[in-house]
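**Student:** here is a sequence with its predicted model. Questions after.
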Amino acid sequence: MNTVANCLAIAFTLHFLWSYYWTCYSKGYKIDVWHFGLGVNLFVIHWMLPFSRSNLNMFVLGPVLWHHAAPFVDEAYFISAAGYAAILLGGSLWRVRLGWGLRRAFSRAVELPARGVLIIVRSRRLVIVHCLIGITLMGIALAIYFSISGFGFNLRGLLLVFPALRALAQFAAFYSILAGGYAFARYAMYREREMLLLTLIIAVGFIFYGERSNIIVLFSTVALVTLIRLRRRARLLYLAAAILATLFAVMLLDALRNPHFSLGNVLTSFGFSIFYGNSFSDTRDFAIILSYWDGHLMLGKTYLAGLIAFIPRFVSSFRDTWAIGVVTARLAGFSPLEHPGLRVGLFGEAFLNFGMAGVILVGLFSGMVVRLIDLRVKQSLAELPRSGVRVYAYFILAYWTAAAQNSSAASSFYTVLVFIGVSWVMIRASRFLKLPLG
């Protein structure tokens, strides 16, 4: 099984290199949305396989838990590899023409949120108001955190034992990511200094949240669009340096949550933290879940718990039982009050609920949506090379795939709907009062 898995990982790597050269580099791009997404998945699923198998994981998990999970690493890999293959197939479906109008109908349905977001990102005043709303909500959440636990950098840790604050904190975080991301986009396009200031304030707030991924998401869209816009002028060396800097920032923010923080320990354990820490351990952690799972499909219960994410867990026994974080924590023998749950990768939840059929469907859908974003981004940059702020609206479609891959992201999609709804109210009010929103 190890040999088959290794050959499969090598085959997917060679396919990525072939695809990158012929459909990205030879077309004049150093990077694009499609290959950026594939590259991240390639690293997490395929390149991390040797490290997911390594016995050094016992220093992170402990000898008992590691020896229990180790025999299931290859199974976890094969499931994720099947999902990766489905992503490739889903992306290639845009080349298939049956004459039934399926591609056009799919793109119109999926792109609806992008049309609403486009109105927002084009309005300077709307973006400022949204940023102020997000900063205010984050300030309230952090004030409650400091009043309970004192000054610190781990609001996420408090949310495990104080669930009443979870809904506000998560809503504030998602709202601020949207607002801050579009503020930074406007700064990149128009050099509006107040937009940069608002973005930095939100980023500082996330440091106290202890949320590494939120800070990365805040800036990554603009960085990716900039690299795509530069086409062949983009320097891959700078991209590699940016990735290394991002990885170091991830490790640094993770260490800040430790009460015995030491910069020296961060520097000395940098490589170990990347390959054996919790940031890219999807295959290893999914193996832990498989080792305890009884094989009975959950038949959508965790997705339903995500679908009703607008109901706080502390008032819903169903959500408090079937939320994916609770399920994975309990399967591995952890208390949901002490552990936020294990990472099961892009396809772990689909497999636990619907088996391989769920993995294939999620992969096909993800591939189609990411390829659509890639196509629309390139079209926007080609049509509006100097003022393509429209390009940033299409990245909202990623929330579709995130919700399909992990039900915990459903709450962020609801935040998108609130974000657009608040904008609609402000637009209607400004028209009634005859106030400009430019």
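**Tutor:** Nice, thanks for sending it over.
**Student:** now the helix or strand hosting Val425: buried residues?
**Tutor:** Using DSSP states H and E, Val425 falls within helix 410-433. Neighbour-count burial for helix 410-433 flags Ala410, Ser411, Ser412, Phe413, Tyr414, Thr415, Val416, Phe419, Ile420, Val422, Ser423, Met426 (criterion: 16 or more other Cβ atoms under 10 Å). Where you see a C-beta, it was placed from the backbone N, CA and C, and this is true even at glycine.
**Student:** also stretch 315-334?
**Tutor:** Arg319, Trp322, Ala323, Ile324, Gly325, Val326, Val327, Thr328, Ala329, Leu331, Ala332.
**Student:** what's the most distant pair in the residues you listed?
**Tutor:** Arg319 and Ala332 (19.4 Å; Cβ to Cβ).
**Student:** lowest average confidence, helix or strand, in the chain?
**Tutor:** Ranked by mean pLDDT, DSSP states H and E, the weakest helix or strand in the chain is helix 263-268, scoring a mean of 55.
**Student:** please report how far Ile216 lies from Leu375.
**Tutor:** To Leu375, Ile216 is 24 Å away according to Cβ to Cβ, to the nearest Å.
**Student:** next: Phe43.
**Tutor:** 24 Å.
**Student:** who's more crowded, those two?
**Tutor:** Leu375 (17 against 12; other Cβ atoms under 10 Å).
**Student:** residue contacts, the closest residue to that one other than its chain neighbours?
**Tutor:** Closest residue in space to Leu375, ignoring its immediate chain neighbours: Trp94 at 6.9 Å, by Cβ to Cβ, 6 or more residues apart in numbering. Shown in contact with Trp94 (Cβ atoms under 8 Å, 6 or more residues apart in numbering): Arg103, Met368, Arg371, Leu372, Leu375.
**Student:** separation between the third one and Arg229?
**Tutor:** Relative to Arg229, Arg371 is positioned 19 Å away (Cβ to Cβ).
**Student:** repeat that for the second one.
**Tutor:** The gap separating Met368 from Arg229 is 24 Å, by Cβ to Cβ.
**Student:** okay, the two: which has more neighbours?
**Tutor:** For Met368 and Arg229, the more surrounded residue by other Cβ under 10 Å is Met368, and the numbers stand at 22 against 17.
**Student:** ok, that one - contacts?
**Tutor:** Gly90, Gly91, Leu93, Trp94, Phe106.
**Student:** identify each buried residue in the host helix or strand of it, please.
**Tutor:** Per DSSP H and E: Met368 is located in helix 348-383. For helix 348-383, the neighbour count (16+ other Cβ under 10 Å) marks 348-354, 358-378, 380-381 as buried.
**Student:** contacts for stretch 373-380?
**Tutor:** 32-34, 94, 111, 114, 225, 228, 388, 390-391, 394-395, 397-398.
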